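Visitor: Quick check, what structure comes out for this input:
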Amino acid sequence: MTRGRTAKVLTSHWDGAELHRRPDELIVEEPMQVLLDGELVTTTMRTPGHDFELAVGFCHTDGLLDGVPVQSCRYCSTGSAVDTEFNLVDVSTGGAAPAATPRLTTATSSCGLCGSTSIDELRERIAHVPQGEPWPLELLASIPERVRPQQPLFDATGAVHAAAAVDRAGEPQITREDIGRHNAVDKVVGRLLLDGALPATDLALFVSGRAGFEIVQKAWAAGFTAVVAVSAPSALAVEAATTADITLAAFVRTRPGAPPTCNLYT
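Guide: All right, here's what the predicted structure looks like:
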C-alpha cells in the first residue's frame, strides 16, 4: 500500500504587503511502534515510507539484534495492519534475539540517545571498524552535491533530512529521507542489513544535518568507515569517531565558483 508522505494544506502567505491564500505541501509525521519478536522496543516519530528498513535499522544500530539474522518483518503482529494505520512494525528473529529493554519515552524526530550510551559501552558492544584506504578529501567534500538530486521530499517540503550510503567512487548507493535524521540513517542501515551488505566498510555515511554522537554510533554499528555531515559535529561525536577509527568530515560546503570544502576531525 502506498503511504502518503506529504499533505497539502492551505496557508496564508505574507508577501510584505498583502496576505495571499495558497496551498503548501508539508511533510507527514506519524508515530511508529517498533516491536522485536512481539515486544515493544521503541516508538519513534517518523515520515511514513521504508518502515521495515527503519525498524530493522533501529534494532541493529541499537544493538538489539546481537548479530542474529532477521527472519521477517511485517505490519502489526496481532491483527490487521489497517487497524494500526500501518504504524506498528514487528521485526522477527524467531526468538533468537536477546530480550530487549525498551525505550520508555517516544523518540521525537530530533532526538537520539543523547549520549546515554558511553563510548566504553560501544567499544564492548560493537566490533572495531577495519581500516581501509584513506578517503580522498575531494571525494568526501563532493558527496552532498552528489546526494542532493536524490532528495525529492526536501524539494517538496524543505522539512526533511537525508542520509545516504556512498561508495568509494562517490556514487550514492542508497538514499533515504525522513523528518528525523536518526530515522533516515536507520532506513539506510536497515536496507543494507536486509541486502546482506553489512558491515559497510567500503561505504561512507552522509547526513544532511549535524553529526551528533548517535549518528556516529549508528555509523559505527553499521561498519561505515567515514561519516560526512553538512553541519557541525559534537565533541562526543568526534571522540566516538576517533575511538572507532571512522573518518569524520563536517561543515561540508559548496559555494558558487569555488571548490567544495570541509573540516576533517579524525
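
Visitor: And for residue 170, the neighbour number?
Guide: Residue 170 has 18 neighbours, counted by other CB atoms under 10 Å. Any C-beta I mention is one placed from the backbone N, CA and C, and that applies to glycine too.

Visitor: Quick one: residues contacting it.
Guide: 139, 142, 143, 146 (CB atoms under 8 Å, 6 or more residues apart in numbering).

Visitor: Scan this structure for its longest helix.
Guide: helix 181-194 (DSSP state H).

Visitor: Which other helices and strands does that one contact?
Guide: helix 51-61, strand 161-166, strand 172-178, strand 204-207, helix 213-222 (3 or more CB pairs under 8 Å, 6 or more residues apart in numbering; DSSP states H and E).

Visitor: Counting neighbours, which of the contacts of residue 170 comes out on top?
Guide: residue 143 (26 neighbours).

Visitor: ok, and that one, which helix or strand is that part of?
Guide: helix 137-147 (DSSP states H and E).

Visitor: can you give me how far that helix is from the chain middle?
Guide: 18 Å (CA atoms, centre = their mean, to the nearest Å).

Visitor: Now do the phi/psi pair for residue 36.
Guide: In terms of degrees, to the nearest 10, the main-chain angles of residue 36 are phi -120, psi 110.

Visitor: Nearest to residue 16, out of the helices and strands packed on helix 181-194?
Guide: strand 161-166 (30.2 Å; CB to CB).

Visitor: Keeping just the C-alphas, turn that closest one into PDB.
Guide: Output of strand 161-166 as PDB, limited to C-alpha atoms (Å, rounded to 0.1, in the frame of the first residue of the first chain):
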ATOM      1  CA  HIS A 161      16.800  15.200   6.500                       C
ATOM      2  CA  ALA A 162      18.600  12.900   4.100                       C
ATOM      3  CA  ALA A 163      21.100  10.100   4.700                       C
ATOM      4  CA  ALA A 164      22.900   8.100   2.100                       C
ATOM      5  CA  ALA A 165      25.400   5.300   1.700                       C
ATOM      6  CA  VAL A 166      28.000   6.400  -0.800                       C
END
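
Visitor: For that strand, name the packing helices and strands.
Guide: helix 137-147, strand 172-178, helix 181-194, strand 204-207.

Visitor: Perfect, that will be all.
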